[in-house]
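Participant: Quick one: sequence plus predicted model below, questions after.
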Amino acid sequence: MERYLRARRVPDVEDVVGETFVNVVRSIDGFEGNETAFRGWVFAIARNRATDERRRLIRHPSAPASIEELDGGGPRGDVENEAMEGLATDRIGRLLDTLTADQRDVLLLRIIGGLTIDQVAAAVGRNAGAVKMLQARGLAAIRREIERGAVTL
């Protein structure tokens with residue numbers, strides 16, 4: 001779930017994951033189904049929490065911390081490794097930005113979330129045929145972007 005939320009560029013992934021599981025615990029009595037349905041249900045809650053978080057940030061933007069505040073921060077990591085990971089994440093993010101929000105959600109839930117077509121359909125509130133079409137169009141759009149050299153992987 002964290003990879004899905006990071007791919008959606010949720011700023012505070014840990015917070016959204018925590019809120020997701022709080023919502024899961026609060027609503028567990030109303031859940032019916034098997035393990036596969038449970039996974040889809042949890043991803044639907046995560047998707048909704050991510051959407052809520054994006055809306056909250058739009059309504060209440062925050063100011064970035066100053067250099068002085070950041071200077072005394074925690075331990076430093078491997079800068080080269082973090083930079084390379086950041087570049088890869090940025091390239092993937094640019095590809096995802098070329099998609100519609102629905103195409104991006106479907107592909108992230110299918111690829112990163114590992115959900116089936118039916119689980120994705122339940123999570124995004126669409127039928128399976130619409131999910132298949134969104135997936136096909138999203139993949140075609142990504143393929144076109146790569147072929148034209150807009151983004152290199």
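Facilitator: Received, thanks.
Participant: what's the spacing between residue 9 and residue 50?
Facilitator: Going from residue 9 to residue 50 by Cβ to Cβ, to the nearest Å gives 9 Å. Every C-beta, even on glycine, is put in place using the N, C-alpha and C of the backbone.
Participant: just residue 32 next, same as before
Facilitator: In this view, residue 32 and residue 50 are 24 Å apart by Cβ to Cβ.
Participant: the more surrounded of the two?
Facilitator: More crowded of residue 32 and residue 50, by other Cβ atoms under 10 Å: residue 50, with 23 against 8.
Participant: Check the offset of stretch 31-41 from the chain's centre.
Facilitator: Centroid separation for stretch 31-41 versus its chain: 20 Å, with Cα atoms, centre = their mean, to the nearest Å.
Participant: Let me see the mean pLDDT of that stretch.
Facilitator: What stretch 31-41 shows for mean pLDDT is 90.
Participant: Same check on stretch 90-109?
Facilitator: On average, stretch 90-109 scores 87.
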